[in-house]
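In: Show me the folded form of this:
(one chain, ligands or ions: 1)
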Amino acid sequence: MDAKLQKLKEKIQDADLVLVGLGEECQYDWNALLQDERYREIEEETGNDERYIWIAPFLQKMILCRGREERWDKAYHILREMLEGKNYFIVSLCMDDYLYGAGFDAAKLVSPCGGFRMMQCAKNCAGELSDMPKESYEAVLRYYRGELPLSALEEPVCSLCGEKLRFNQLGVEKYAEEGYLEQWGSYTKWLQGTVNKKLCLLELGAGMAYPGIIRFPFEKVVYYNKKAFLYRVHPQLYQAGEEIADRSSGIAENPIDFLLSFENYST
Ligand SMILES: [Zn+2]
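Out: So this is what the prediction gives:
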């Protein structure tokens, strides 16, 4: 472990609280889907047909459920080791749900962009989320395996108003914030408890997609809390503001590679 990593490790160990921000650079690379021959076939078959747009997210969910990829799995494992025994909170912009099922305390996570865990009415007619209809998922799996023709697939709809059902993710026509607001409340409460405490902020790959969720607020926290220290890891946008130059450190690296460089963290 080089000196910079060693320093970071000490900062985390020394901190009373650790705040982690997982940015868009941590997101699972959907291009990996294109390596799947059957997926490419399906893309060709469904083409740009509006009627079949809903199938792709189900396939994404399938890929995510089928096998967690080693690269991401390892990175999250290392992050968990880093936070072992610490009072932490993780804010994530990733929609791949890798964070869930990586052994973290679910009460300490918030993902404001949503993911594949719940579904919602495209129009959010009732302000409620719903479980994914298993029969729709099963049908897509069977289609993927070549056991059902495309024409047999039926798009799931909202049981209340008949609108399309979508995964609860930012980008849906009317995103149901109900999916994360309660956890967001826990997060802001947790943040209030960091005032004047030794806080280490670890910002991993948060760029300019949604700077208002991680980047800007993290800087603000460090600006006001003189005992806070920010590590900003990003391949390009690793610089922090001048006002917090003495209490921050920029690391120009891909955040997943960065985590992987901590292999054997606990030894
Ligand atoms: Zn509805």
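
In: need the longest strand for the protein.
Out: strand 114-121 (DSSP state E).

In: so what strands line up beside that one?
Out: Here strand 114-121 is paired, per DSSP bridges, with strand 129-130 (antiparallel), strand 165-169 (antiparallel).

In: Past the last one, which element shows up next along the chain?
Out: Later in the chain than strand 165-169, the nearest helix or strand by DSSP states H and E is helix 181-192.

In: So what touches whichever helix in the chain runs longest?
Out: Once the chain is assigned using DSSP state H, the helix that runs over the most residues is helix 70-83. By Cβ atoms under 8 Å, 6 or more residues apart in numbering, the residues outside helix 70-83 that reach it are 9, 12, 18, 20, 26, 28, 96, 98-99, 102-104, 202, 255-256, 259-260, 262-263, 265-266. All C-beta spots, glycine's among them, are computed from the backbone N, C-alpha and C.

In: now that helix: how far from the chain's centre is it?
Out: Going by Cα atoms, centre = their mean, to the nearest Å, the spacing between the C-alpha centre of helix 70-83 and its chain's C-alpha centre is 13 Å.

In: Next: stretch 212-232.
Out: Averaging C-alpha coordinates over stretch 212-232 and over its chain gives two centres that are 19 Å apart (Cα atoms, centre = their mean).

In: Only the buried residues of it, if you could.
Out: Neighbour counts using 16 or more other Cβ atoms under 10 Å place 213-215, 217-219, 221-223, 225, 228-232 of stretch 212-232 among the buried residues.

In: Within range of the ion, give me the residues from the stretch 51-200 of the chain.
Out: Of all the residues in the stretch 51-200 of the chain, those in contact range of the ion (Cβ under 5 Å from the ion) are 121, 125, 158, 160-161, 163.

In: Show me which pair in those residues is furthest apart.
Out: L160 and E163 (8.5 Å; Cβ to Cβ).

In: which neighbours do the two share?
Out: Contacts common to L160 and E163, judged by Cβ under 8 Å, 6+ apart, are 121, 125.

In: Settle it for me: which of the two has more neighbours?
Out: E163 (16 against 12; other Cβ atoms under 10 Å).

In: dump the residue contacts of that one.
Out: 121-123, 125, 157.

In: can you redo these as CSV with neighbour count?
Out: What follows is those, written out as CSV (neighbours: other Cβ atoms under 10 Å):
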residue, neighbour count
C121, 26
A122, 19
K123, 17
C125, 15
V157, 16
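
In: mind giving me JSON lines with these and columns for pLDDT?
Out: Supplementary listing: the contacts of E163 in JSON lines, determined by pLDDT from 0 to 100:
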{"residue": "C121", "pLDDT": "98"}
{"residue": "A122", "pLDDT": "97"}
{"residue": "K123", "pLDDT": "98"}
{"residue": "C125", "pLDDT": "98"}
{"residue": "V157", "pLDDT": "97"}
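
In: Look at the residue positioned nearest the centre of the chain and give its secondary structure.
Out: Centroid-nearest residue in the chain, with Cα atoms, centre = their mean: C94, separated by 2.2 Å. With DSSP: H, G, I helix; E, B strand; the rest coil as the basis, C94 sits in coil.
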